[in-house]
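1. model the following, please.
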Amino acid sequence: MKVAVFSAKSYDRQSLESVNRDYGHELVYFSPNLEIETAKLAAGFTGICVFVNDTLDAETLRAIASKISGSKSENDIKLIALRCTGFNNVDLTVAKELGITVVRVPAYSPYAVAEHAVGLILTLNRKFHRAYARVREGNFSLDGLLGFDLHDRTVGIIGTGRIGMIAAQILHGFGCHILAYDKFPNPACEAIASYVSLFELFSKSDIISLHCPLTPETHHLINSEAIAQMKHGVMLINTSRGALIDTKAVIKALKSGKVGYLGLDVYEQEADLFFEDLSNTVIQDDVFQRLLTFPNVIITGHQAFFTEDALRNIAQTTLQNITDFENGNPCPNTVNLPS
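-> This is a model prediction of the structure:
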């Protein structure tokens, strides 16, 4: 199958090409994100392969599904293969209208993301990043590096799918008390976690880690009202989707001390920032720049998934999804389109 791979970095090409030896698809790589301005690059392909910051809104979908230059053979996109779990960047209603199938990677390495979340917790708490910089400068003072024992602390896990469950297991191993919230409780979590209401989780947790999808219901789940219910000095961790957090509300809470620590691997407006080298440019996002001024904030550039194991699994599942579609076989990873 001839597939256009958008947002293709060197590591994407390497992992996909390595696995594609067993599949034989015709993969053509494009560095830019897919959006309306780059939709013309999809001409001549049957499928497209995209990542989290590609924009598949109604306008873009209609552009890639149309005969861009009027030639019958020029463009006939029938498949969108997501190299990620979430599909909030796809207008599923329009995809259905256009007869486009959407497939995804529901699980690649839940350990990668869960372990990164715990890494953010440890770094914020014990200030490894600041200690590393000090020692390299010959400064061995401990002032300002005081942390706390994770043992006996209460951690709230919002979303107990594969990733949230593994994060809970790891933190349970530290001796933490685990509170959990999920619309669909996971029986595998019940041995180590107590399912409670969001209000109880907010009010009792010393650390809150987000592991839920972005939906209209969870958009800005962490807002000023939610923060008001939390303990003073709470630690917030988000390795899921940026828009789960109202960034401006969190900045206000950081200034007051209500939020004592913030660890982000995702950000509401990350599409214009993450996965690119902007070190020689002036970043225009004032909200993001404000976050960087806080000493108790750590931001990583959507790298929680980024392990050898995860990239291999993403490539394997993505190419199998494409093969299933091409052969007309049922694909377990097809996204259910609106009825």
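
2. need the contact partners of stretch 81-89.
-> By Cβ atoms under 8 Å, 6 or more residues apart in numbering, the surrounding residues in contact with stretch 81-89 are 3, 12, 47-56, 90, 102-108, 213-215, 241, 305, 314, 318, 321-322, 325, 335. From N, CA and C alone the C-beta is placed, and that goes for glycine too.

3. apply 6 Å and report the result again.
-> Contacts to stretch 81-89, defined as Cβ atoms under 6 Å, 6 or more residues apart in numbering, come from residues 47, 49, 51-52, 56, 103-104, 106, 213-214, 314, 318, 321-322, 335.

4. helix, strand, or coil at the residue nearest the centre of the chain?
-> Geometric centre of the chain, nearest residue: Ser240, 4.3 Å, by Cα atoms, centre = their mean. Counting by DSSP: H, G, I helix; E, B strand; the rest coil, the backbone at Ser240 sits in coil.

5. for the remainder of this discussion, apply numbering that starts at 58.
-> Fine by me, first position is 58 from now on; the one you just mentioned is Ser297.

6. my guess is it contacts Leu267. True?
-> Yes: assessed by Cβ atoms under 6 Å, Ser297 is found in contact with Leu267 at 4.8 Å.

7. where along this protein do the helices fall?
-> Using DSSP state H, the helices found in the chain span residues 67-77, 115-122, 149-154, 167-183, 185-193, 219-230, 255-261, 281-285, 304-313, 343-348, 365-384.

8. now the angle from the longest one to helix 167-183?
-> With axes from the mean of the first three to the mean of the last three Cα atoms, to 10 degrees applied, the angle from helix 365-384 to helix 167-183 works out at 150 degrees.

9. what number of residues lie near Ser67?
-> By other Cβ atoms under 10 Å, the residues close to Ser67 number 9.

10. ditto for Thr272
-> Neighbour count of Thr272, defined by other Cβ under 10 Å: 12.

11. before we move on, what about Ile105?
-> Other residues lying near Ile105 total 24 when counted by other Cβ under 10 Å.

12. nearest residue to it other than its sequence neighbours?
-> Spatial nearest neighbour of Ile105, excluding adjacent residues (Cβ to Cβ, 6 or more residues apart in numbering): Ala61 at 4.9 Å.

13. cool, Ser281 as well?
-> Using Cβ to Cβ, 6+ apart and skipping residues adjacent in sequence, the residue nearest Ser281 is Ala306, 4.3 Å away.

14. what sits against Cys246?
-> Counting by Cβ under 6 Å, 6+ apart, Cys246 makes contact with Thr217, Met222, Ala225, Ala237.

15. how close does the closest residue to it other than its chain neighbours sit to His268?
-> Distances taken as Cβ to Cβ, 6+ apart put Thr217 closest to Cys246, at 4.7 Å, once the chain neighbours are dropped. Going from Thr217 to His268 by Cβ to Cβ, to the nearest Å gives 7 Å.

16. kindly report the same for Gly320.
-> Separation of Gly320 from His268 (Cβ to Cβ): 13 Å.

17. low pLDDT regions in the stretch 208-357 of the chain?
-> For the stretch 208-357 of the chain, no stretch has pLDDT under 70.

18. list the contacts for Ala96?
-> Contacts for Ala96 (Cβ under 6 Å, 6+ apart) come out as Thr117, Ala120, Ile121.

19. same thing but 10 Å
-> With Cβ atoms under 10 Å, 6 or more residues apart in numbering as the criterion, the residues that contact Ala96 are 63, 105, 112-113, 116-123, 125, 132, 134.

20. what's the local residue count around the closest residue in space to it that isn't next to it in sequence?
-> Spatial nearest neighbour of Ala96, excluding adjacent residues (Cβ to Cβ, 6+ apart): Ala120 at 3.8 Å. Number of residues near Ala120 (other Cβ under 10 Å) recorded here: 21.
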